[in-house]
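J.: Got a sequence here, can you build the structure:
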Amino acid sequence: MEKFAALGIEVHIGAKVESIDKTPAGYTVHAVTAGTSAAFDADLVVHAAGRTPAFGALDLAAAGIGVERGRLVLNEFLQSVSNPAVYAAGDAAQVGPPLTPVSSHDAKLVAANLLQGNHKIPDYTGVPSVAFTIPPIAMVGLTEEQALRQGLKFRMKSEKASDWFTARQAAEPIYGFKVLIDEDTDHILGAHLVGPHADEVINLFALAIRHRLTAADLKRTMFAYPTGASDISYML
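T.: Numbering: from 1, shown residues only. Predicted structure coming up:
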């Protein structure tokens, strides 16, 4: 939000859009925020509120495909419980995080189960997510709250990293990180980054989580310098 303000970007959270009107100069967005009506003039309106599968035109009932609360009823192989001839992947399955790589992962798994019989189940361990803001913000694994709810014992390094060379090199004053490490196993539980190249560095934390690399494994790795990844040792 600090960076947005510096760039002249206004962010309104908790606002419910009621309608959008076309005007000679662009658009007017009518919303309700904190119980008060508000109107925002805009040159461009982008709908980015998420996506749901378009089941409406498919007549799922005719094929005997069970749906509960807007979701297909699937088994662990992403196969319809009520119609075994049907499988689903990605947004249609709504099992893993709603991200493009998850759709590709599901599609490969479904193809294998169709061709060779049910033997593969999805694995959503260590799926990273990025918001391509300025600077980018990225996360993978557990949040601090989720780790606490699971009763995990972990150490955490969290700071606005004075040693983050990548940010200083890019003259970017907005940056920081939070990394959760299991105290017993030294495995990475979660990583949360904001700053230059966070969208790329998060992939290394995703690799560590998915393949159970330890913080010590990452610290022993020599990364090309000066790159965003070369700052990882400071984050552990």
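
J.: Now do stretch 85-99: everything it contacts.
T.: 50-53, 55, 63, 65, 71-72, 74, 77-80, 102-107, 109-110, 113-114, 122, 124, 127, 129 (CB atoms under 8 Å, 6 or more residues apart in numbering). Every C-beta, even on glycine, is put in place using the N, C-alpha and C of the backbone.

J.: actually stretch 42-60, sorry about that
T.: 20, 25-29, 67, 70, 72, 91-92, 94, 98.

J.: And the buried ones among the contacts of stretch 85-99, selectable in PyMOL?
T.: What follows is the PyMOL syntax for the buried subset of the contacts of stretch 85-99, where burial is set by 16 or more other CB atoms under 10 Å:
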select buried, resi 53+65+71+72+74+77+78+79+80+102+103+105+106+109+110+113+122+127
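
J.: Show only the entries of the contacts of stretch 85-99 found in helices.
T.: Mapping these onto helices (DSSP state H) picks out Val102, Ser103, Ser104, His105, Asp106, Ala107, Leu109, Val110, Asn113, Leu114.

J.: still on that earlier bit, could you pick out the buried ones from the contacts of stretch 42-60?
T.: Among the contacts of stretch 42-60, those that count as buried by neighbour count (16+ other CB under 10 Å) are Val29, Leu72, Asp91, Ala92.

J.: packing partners for whichever strand or helix holds Leu204?
T.: Using DSSP states H and E, the element containing Leu204 is helix 198-210. On a contact count with 3 or more CB pairs under 8 Å, 6 or more residues apart in numbering; DSSP states H and E, helix 198-210 meets strand 129-131, strand 137-141, strand 188-194, helix 215-220.

J.: picking up where we left off before, of the ones in helices among the contacts of stretch 85-99, which is the nearest to Ala198?
T.: Val102 (20.0 Å; CB to CB).

J.: what about this protein, any weak spots by pLDDT?
T.: Within the chain, the segments meeting pLDDT under 70 span 159-164.

J.: domain ranges for this structure?
T.: 15-49, 59-116, 129-235 (automatic domain parsing).

J.: Which residue ranges of this structure form strands?
T.: For the chain, the strands defined by DSSP state E cover 15-23, 26-33, 36-42, 67-68, 71-72, 129-131, 137-141, 154-159, 176-182, 188-194.

J.: Out of those, indicate the one that is most buried.
T.: strand 188-194 (a mean of 25; mean count of other CB atoms under 10 Å).

J.: just checking, what packs against that strand?
T.: Right, strand 188-194 is packed against strand 137-141, helix 144-149, strand 176-182, helix 198-210 by 3+ CB pairs under 8 Å, 6+ apart.
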